[in-house]
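Trainee: this is the structure alone, sequence omitted:
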């Protein structure tokens, strides 16, 4: 399903969800997509128009707590296995319940979705700078990028089959993810994947957990006004280079 260079490439950008400045992320991603004059981009807020996604060659997603129906999950899984390329960002793998007495819960409500993506978000520690390191310095998607510090959400994820993933970036961390039901990561795995490839059939998912952003009005209904504007890795040149390479990968480039 990968289109040849010089021909039209149909892309779907799914941008939507909660607790993030989706408008900011959508605009930045559209700007990057516009660098490819053969891309023709549709934009939708969720995954339910799965037929339109499957009619294209590339899916790019920036969502948080957007839970696809079982039909959409299956259709997108089949599309990936048939050759689709999916660049999945940040909270695409998240399902959040905020109203529990113990804090934010991450219910396991979409096992097929999590398996397709290769992960499900569970928690993150309070936002603070952390180091992102290369897991495979020879892979063209990250080769030549120096390790960098970023002020982003450090995603702590559950992987159904971590051995099936190709690690590209990682960070090392242990501690307490304050505010989450599953908060104790002090004795858990130290290494956490930041970017990886998940091959499925003749297609693949390229997942990058970076990309947190939040404006003043993005935490409703929890709070009406959030006092801090957060831009996370969107302020890092390395992040934009990773995104540009990810879009080249999605179109079928190999270097």
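Mentor: Looks like it arrived, so ask away. As the structure is a computational prediction, the values presented were derived from the model and not from experiment.

Trainee: so where's the protein uncertain?
Mentor: Low-confidence segments of the chain, defined by pLDDT under 70, are located at 1-5.

Trainee: go again using 50 as the cut-off
Mentor: Per-residue confidence of the chain (counting by pLDDT under 50) places the weak regions at 1-3.

Trainee: show me the helices in it, by range?
Mentor: Secondary structure of the chain, counting by DSSP state H: helices at 22-33, 50-54, 70-81, 111-117, 237-250.

Trainee: could you dump these into JSON lines with mean neighbour count and distance to residue 189 added?
Mentor: Backbone N, C-alpha and C define where each C-beta goes, glycine included. Compiled in JSON lines, the helices of the chain are given as follows (neighbours: other C-beta atoms under 10 Å; distance: least, C-beta to C-beta, whole Å):
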{"stretch": "helix 22-33", "mean neighbour count": "17", "distance to residue 189": "28"}
{"stretch": "helix 50-54", "mean neighbour count": "17", "distance to residue 189": "33"}
{"stretch": "helix 70-81", "mean neighbour count": "18", "distance to residue 189": "26"}
{"stretch": "helix 111-117", "mean neighbour count": "19", "distance to residue 189": "17"}
{"stretch": "helix 237-250", "mean neighbour count": "18", "distance to residue 189": "23"}
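
Trainee: nearest to residue 231, of those helices?
Mentor: helix 22-33 (7.7 Å; C-beta to C-beta).

Trainee: with distance to residue 152 as added columns, please give the helices of the chain in JSON lines.
Mentor: JSON lines is the format used below for these (distance: least, C-beta to C-beta, whole Å):
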{"stretch": "helix 22-33", "distance to residue 152": "13"}
{"stretch": "helix 50-54", "distance to residue 152": "27"}
{"stretch": "helix 70-81", "distance to residue 152": "26"}
{"stretch": "helix 111-117", "distance to residue 152": "19"}
{"stretch": "helix 237-250", "distance to residue 152": "9"}
